[in-house]
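> Take this sequence and fold it.
(one chain, ligands or ions: 2)
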Amino acid sequence: MEGLSISSEPPSSNLAVRRSSLSEYIDFPDARPDCWYDWKWQLRNRITSLDVIRELIPLTRREEEGIKRATGRLAMAITPYFFSLIDRQDPKCPIRKQAIPRLEEFSVAPCEMVDPCGEDSHSPVPGLVHRYPDRALLIVTDSCAMYCRYCTRKRMVGEEHPPMPVDRFDDALKYIRSKKSIRDVLISGGDPLMMKSEILENYISRLRAIPHLDIIRIGTRVPVTLPMRVTEELVSMLKKYHPLYISIHFSHPREITPEVAKACTLLSDAGIPLGSQTVLLKGVNDRPATMKKLMHELLKIRVRPYYLYQCDMAMGTGHFRTPVTVGMNIIEELRGHTTGYAIPTFVVDAPGGGGKIPVAPTYLLSQAKGKVVLRNYENKIFTYTEPE
Ligand SMILES: *Cc1c(COP(=O)(O)O)cnc(C)c1O
Ligand code: SF4
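Numbering: from 1, shown residues only. Ligands and ions are numbered 1, 2, ... in the order given. The predicted structure is shown next:
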């Protein structure tokens, strides 16, 4: 794809021009030119270096150190659009924490792993993870529009490789064809919507042609970090391959902007059911009120909360991880207190590869001789008598 390589910095003579126009676009939303809404422009102008960030925002020492140490080692790229959501006066801004590396990212706890969910060991062919009998996960690219600092696939993201080449896809396809038990394929990455539409269509259409595949799913964060990528052309391509579902990665209510609402409306209007996936992150969305607000905002744009993930034990995520009880408490504060549709399933993706394990508050207090004792969301106690 054009302009996708992180290393493709413009010649330094253009840099000064580029910086001043970037800060104008970011500072004066009303003055944004048409190119702001062009996703290719957004990708070409991603913020990828310490020099450019410094010009745009006063950095803390820990951020400055974090960016320096990430350079050349861990992918960093932020679309001007996503960068414009940062509150530049606030070092605690939840958008900023997700996008800008901090020094803490380089403290690795002994438990943290390169491949926390054991994906590589469940991969029968490269790029395909087959953990559950009836569904498979395809990793089609290592590129994302913005690199989340807490990414569980840190080991592989970063645009070092072109999207999954056709011959590798052929091998994955052959595997899926040979396993009649697979009825659901989840296309993931990186971010599948970073691929050229023609390549994505080629892959989706060949999956659709497999008779035993009921549904195809796409997992993406592009509608949040690069909403302009969701064009009418993309959507009319996708809707040819129903039943198609899309799971969108959201972290914070501030991510739900008019641009994101428009992208989700286009997708929903094309009959694509939208679900959300959220990683529980310390200092970003670990307060029950923040999470509830996010879930409410999602329902308003017709995205049904799907999963809330405990942050995986990926390398250098200690500053983002919370105790598991924080997630359980959030669910407790939602269930009964708001619309059932607003409540995601809280899961821990088992370290080493056991899959997603739901963790819920306990409402069943005791169980004996045909009787169960339950509590409700107000902590009132009830007994249900089972049939003889
Ligand atoms: C999450 C995941 C899936 C899909 O799980 P669902 O609960 O069906 O959404 C499939 N394969 C792998 C490897 C996964 O990590
Ligand atoms: S969008 Fe997903 S794959 Fe990409 S950096 Fe963020 S968490 Fe990782």
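
> Point out the residues in this protein that sit beside ligand 1.
Counting by C-beta under 6 Å from any ligand atom, the chain comes close to ligand 1 at V129, R131, Y132, R135, L137, L186, K356. Backbone N, C-alpha and C define where each C-beta goes, glycine included.

> which residues in this structure form strands?
Taking DSSP state E as the test, the strands found in the chain are 128-132, 135-139, 184-188, 215-220, 244-249, 274-279, 304-309, 345-350, 355-358, 364-368, 371-375, 381-385.

> most neighbours, which of the residues of the chain next to ligand 1?
In terms of neighbour count, V129 stands highest of those at 22 neighbours, by other C-beta atoms under 10 Å.

> got any ranges where the chain has weak pLDDT?
Applying pLDDT under 70 to the chain flags the ranges 1-20.

> Can you pull the domain assignment for it?
Listed by automatic domain parsing, the domain ranges of the chain are 12-106, 120-358.

> would a markdown table of those with distance to R375 be doable?
Below are the domains of the chain laid out as a markdown table (distance: least, C-beta to C-beta, whole Å):
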| stretch | distance to R375 |
| --- | --- |
| domain 12-106 | 33 |
| domain 120-358 | 10 |
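
> quick one: which of these is nearest ligand 2?
domain 120-358 (3.0 Å; C-beta to the nearest ligand atom).

> quick one: the helices in the stretch 1-150 of the chain?
12-27, 39-44, 50-56, 61-70, 80-83, 94-99 (DSSP state H, counting those that start in this stretch).

> ok, the residue nearest the centre of the chain - contacts?
In the chain, the centroid-proximal residue (C-alpha atoms, centre = their mean) is H249; its distance is 3.2 Å. H249 sits next to C148, G219, T220, R221, V224, S276, Q277, T278, V279 when contact means C-beta atoms under 8 Å, 6 or more residues apart in numbering.

> switch to 6 Å and redo it
R221, Q277 (C-beta atoms under 6 Å, 6 or more residues apart in numbering).

> If it is in a bridge, with which residues?
H249 has these beta-bridge partners by DSSP bridges: Q277.

> now swap in V373 and tell me
Bridge pairing for V373 - DSSP bridges - gives S366, T383.

> Surely it is in contact with L364?
No - V373 is beyond contact range of L364, at 7.6 Å (criterion: C-beta atoms under 6 Å).

> Now for M76, how many residues are close by?
By other C-beta under 10 Å, 23 other residues sit near M76.

> correct me, but it touches A70?
Yes - counting by C-beta under 6 Å, A70 is a contact partner of M76 at 5.2 Å.

> Name the residues contacting each of these two.
P101.

> any idea what sits nearest V284, other than its immediate chain neighbours?
Nearest residue to V284, sequence neighbours excluded (C-beta to C-beta, 6 or more residues apart in numbering): P94, at 4.4 Å.

> Reformat the strands of the chain as a markdown table; add distance to ligand 2.
Formatted as a markdown table, the strands of the chain follow (distance: least, C-beta to the nearest ligand atom, whole Å):
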| stretch | distance to ligand 2 |
| --- | --- |
| strand 128-132 | 13 |
| strand 135-139 | 9 |
| strand 184-188 | 8 |
| strand 215-220 | 8 |
| strand 244-249 | 6 |
| strand 274-279 | 7 |
| strand 304-309 | 10 |
| strand 345-350 | 13 |
| strand 355-358 | 16 |
| strand 364-368 | 34 |
| strand 371-375 | 36 |
| strand 381-385 | 41 |
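
> Can you tell me which of these is nearest to P110?
Closest to P110 of the strands of the chain is strand 345-350 (C-beta to C-beta; 18.3 Å).

> which of the residues in that closest one are buried?
For strand 345-350, a neighbour-count test (16 or more other C-beta atoms under 10 Å) marks F346, V347, V348, D349 as buried.

> One more: stretch 60-71?
R62, E63, E64, E65, G66, I67, A70.

> Now for the fifth one: which residues touch it?
I take that to be G66. Counted by C-beta under 6 Å, 6+ apart, G66 has contacts P101, R102, L103, E105.

> any idea how far the residue nearest to the first one when sequence neighbours are not counted lies from R208?
So the one you mean is P101. In this structure, P101 finds its nearest non-sequential neighbour in G66, 3.6 Å apart by C-beta to C-beta, 6+ apart. For G66, the distance to R208 (C-beta to C-beta, to the nearest Å) stands at 43 Å.

> ok, now D27?
D27 is 45 Å from R208, by C-beta to C-beta.

> So which of the two has more stuff around it?
Between D27 and R208, counted using other C-beta under 10 Å, the more crowded position is R208 (16 against 11).

> That one is in contact with H242, isn't it?
No - the pair formed by R208 and H242 falls short of the contact definition of C-beta under 6 Å, at 8.9 Å.

> now what about stretch 89-102, what contacts it?
Applying C-beta under 6 Å, 6+ apart, the set of residues contacting stretch 89-102 is 60, 62-63, 66-67, 70, 76, 78, 85-87, 146, 148-149, 251-252, 284.

> If anything else comes up later, I'll come back, but that's it for now.
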